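1. Give the three-dimensional model of this entry:
(one chain, ligands or ions: 1)
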Amino acid sequence: MTAVLHVRALDVQGPARPILHPLSFILEPGKILAVTGESGSGKSTLALALMGLLPPGFQARGQIDFEGTDLLALSEPEWCRIRGRKLGMVFQEPMTALNPTRRIGAQIADPFRLHTPLTRPRIHAETRVLMEQTGLLDAGVSERAYPHQLSGGQRQRVLLAMALACQPSILIADEFTTALDARTQSAMMALVTRYCETHGMAVLMISHDLGLVRRHADQVLVLKDGACVEQGPTASVFDAPAHPYIQALLAMSLHGAARTPLTPLPVFRAPA
Ligand SMILES: Nc1ncnc2c1ncn2[C@@H]1O[C@H](COP(=O)(O)OP(=O)(O)OP(=O)(O)O)[C@@H](O)[C@H]1O
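-> Reported below is the predicted structural model:
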């Protein structure tokens, strides 16, 4: 199958040190690639690099080939034409990603206004469809609500609605179900999977939740200290993990941290 995104030897240098060591992978249409690894392993940095949103002082090198264009060579105006239209992203922190001073209906409508020629009544109708698909209408959330009037999970749904609005070729979802209860999490994953099946959307899903990864991802990439330690089809990575790091992550997720002896972090050590 032809890749929708081909990442070759992508690395990210931070202000003081390398954050991501060279990574290569592909995203296939209609498939989900999960990126997992411990906190600080570089998952969000990878997502931000793919969206051209690295913080100041960070530098990405390598190649991110999307529809014959190297994204790393794009100017900011070129990025603005692609972000939100071809590449959708759901960020980890919904409160910082939403504008607190604007009603959520207007924010969900933004991608239509920015990237499509739809008329105002059509935009309004499409906004309602997205609110219905993401369960916001059923939860009694009004288009006129402000972000602070919503729960964390509802705000996460608003971000998903915005990301899906233009039926992107790629969705980058950074821990987007972490704030959701199990039932809502599975409804959101069902919606994402439906977009994969019906629109051929490819997904890069960042998650600590190995159960979620196992249930939904086609491929897995495991990061440790900014380097890829294992990647491949989900069944192979879970059933026969080659690297001791993923073996340890799986053991902890299966048996629970309480049964796994952990080295205490220096900050929690009792004074001598
Ligand atoms: N703005 C920044 N300036 C300097 N270092 C940063 C900055 N943002 C992230 N880092 C560092 O980059 C590394 C990777 O961080 P990143 O947020 O990508 O990890 P992560 O795997 O997404 O973690 P988490 O699961 O906790 O979100 C960490 O060591 C972090 O301290």
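2. drop to CA atoms for contacts and neighbour counts, all remaining ones
-> Fine.
3. Can you tell me the element the residue positioned nearest the centre of the chain falls in?
-> Taking C-alpha atoms, centre = their mean, the centroid of the chain lies closest to Ala173, which sits 1.6 Å from it. Ala173 belongs to strand 170-174 when assigned by DSSP states H and E.
4. if I look at the residue nearest to the centre of the chain, how far off is Met189?
-> Applying C-alpha to C-alpha, to the nearest Å, the value for Ala173 to Met189 is 11 Å.
5. distance of the residue nearest to Asp225 when sequence neighbours are not counted from the ligand?
-> The shortest distance from Asp225 to any non-neighbouring residue, by C-alpha to C-alpha, 6 or more residues apart in numbering, is to Ser41 (4.5 Å). Using C-alpha to the nearest ligand atom, to the nearest Å, we find Ser41 at a distance of 4 Å from the ligand.
6. One more: His115?
-> 29 Å.
7. what's that residue in contact with, if anything?
-> His115 makes contacts with Arg81, Gly84, Arg85, Cys166, as judged by C-alpha atoms under 8 Å, 6 or more residues apart in numbering.
8. Show me what from the protein comes close to the ligand.
-> Applying C-alpha under 6 Å from any ligand atom, we find that the chain lies next to the ligand at Ile19, Glu38, Ser39, Gly40, Ser41, Gly42, Lys43, Ser44, Thr45, Pro55.
9. Quick one: which of these is the most crowded by neighbours?
-> Highest neighbour count within the residues of the chain next to the ligand, by other C-alpha atoms under 10 Å: Lys43, with 27 neighbours.
10. Compute the number of surrounding residues for the nearest residue to Gly14 once chain neighbours are set aside.
-> For Gly14, ignoring the flanking residues on the chain, the nearest one in space by C-alpha to C-alpha, 6+ apart is Phe58 at 4.6 Å. By other C-alpha under 10 Å, the residues close to Phe58 number 17.
11. State the pLDDT value of Phe58.
-> We have a pLDDT of 97 for Phe58.
12. Spit out the contact partners of it.
-> Val12, Gln13, Gly14, Pro15 are the contacts of Phe58 under C-alpha under 8 Å, 6+ apart.
13. before we move on, which element is the residue of the stretch 51-200 of the chain found nearest the ligand in?
-> For the stretch 51-200 of the chain and the ligand, the shortest gap (C-alpha to the nearest ligand atom) falls at Pro55, measuring 5.7 Å. Taking DSSP H and E as the definition, Pro55 sits outside all helices and strands.
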